[in-house]
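Peer 1: Here is a sequence together with a model predicted from it:
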Amino acid sequence: QVQLVESGGGLVQAGGSLRLSCAVSGRAFTDYAMGWFRQSPGNSREFIAAINWSGDRTYYAEFAKGRFTISRDNAKNTVYLQMNKINPTDTAIYYCAADDDKIGTSWLSLSYDYWGQGTQVTVSS
């Protein structure tokens, strides 16, 4: 069983930055590609970014390109999401997820096998 725990969410002003972390335990971290998703009230879960097991390949949703950066530290079993130039439309619960297709960078939530509980990000204008 794999456990994922997100942290780093909170209240931030528009235009600011935030870094989310997701600590993974239970299985070898390098067995998984990782992804970040978000969900705001009344909306379906939305893909943000994905990274393969080694970190040398990433994939972003259009809205995330140029503002968000996904990265991972395999020595720390942690994946990160750096968010810059945050705006109120970024308000959501942010989830990390693990995909056992380690070489992939899927944007499909159904591809992911394990999910964290989520961390709330609220952006004030």
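Peer 2: In hand now; what should we look at? Numbers count the residues shown, from 1 in each chain.

Peer 1: how many other residues sit next to the nearest residue to Asp113 once chain neighbours are set aside?
Peer 2: Among residues not flanking Asp113 along the chain, Asp100 sits closest, at 5.3 Å (C-beta to C-beta, 6 or more residues apart in numbering). Any C-beta I mention is one placed from the backbone N, CA and C, and that applies to glycine too. Neighbourhood size, Asp100 [other C-beta atoms under 10 Å]: 15.

Peer 1: Please apply the same query to Asp73.
Peer 2: 12.

Peer 1: Return the residues in contact with it.
Peer 2: The neighbours of Asp73, taking C-beta atoms under 8 Å, 6 or more residues apart in numbering as the test, are 79-80.

Peer 1: ok, now how distant is it from Pro88?
Peer 2: Distance of Asp73 to Pro88, given as C-beta to C-beta, to the nearest Å: 30 Å.

Peer 1: my guess is the residue nearest to Asp113 contacts Thr30, does it?
Peer 2: No. Between Asp100 and Thr30 there is no contact under C-beta atoms under 8 Å: 11.4 Å.

Peer 1: What ranges does the chain have for its strands?
Peer 2: Per DSSP state E, the chain carries strands over the ranges 3-7, 10-13, 18-25, 33-39, 46-51, 58-60, 68-73, 78-83, 92-99, 114-115, 119-124.

Peer 1: Can you list the helices and strands that the second one packs against?
Peer 2: Think strand 10-13. On a contact count with 3 or more C-beta pairs under 8 Å, 6 or more residues apart in numbering; DSSP states H and E, strand 10-13 meets strand 119-124.

Peer 1: residues contacting the residue lying closest to Gly15 once chain neighbours are set aside?
Peer 2: Distance criterion C-beta to C-beta, 6+ apart; nearest residue to Gly15, sequence neighbours excluded, is Lys85 at 6.3 Å. Contact analysis of Lys85 by C-beta under 8 Å, 6+ apart lists 15, 17, 67.

Peer 1: cool, Phe68 as well?
Peer 2: Counting by C-beta under 8 Å, 6+ apart, Phe68 has contacts 36, 48-49, 60, 81-84.

Peer 1: Mind picking the one among these that's closest to Gly26?
Peer 2: Comparing the contacts of Phe68 against Gly26 with C-beta to C-beta places Trp36 closest, at 19.1 Å.
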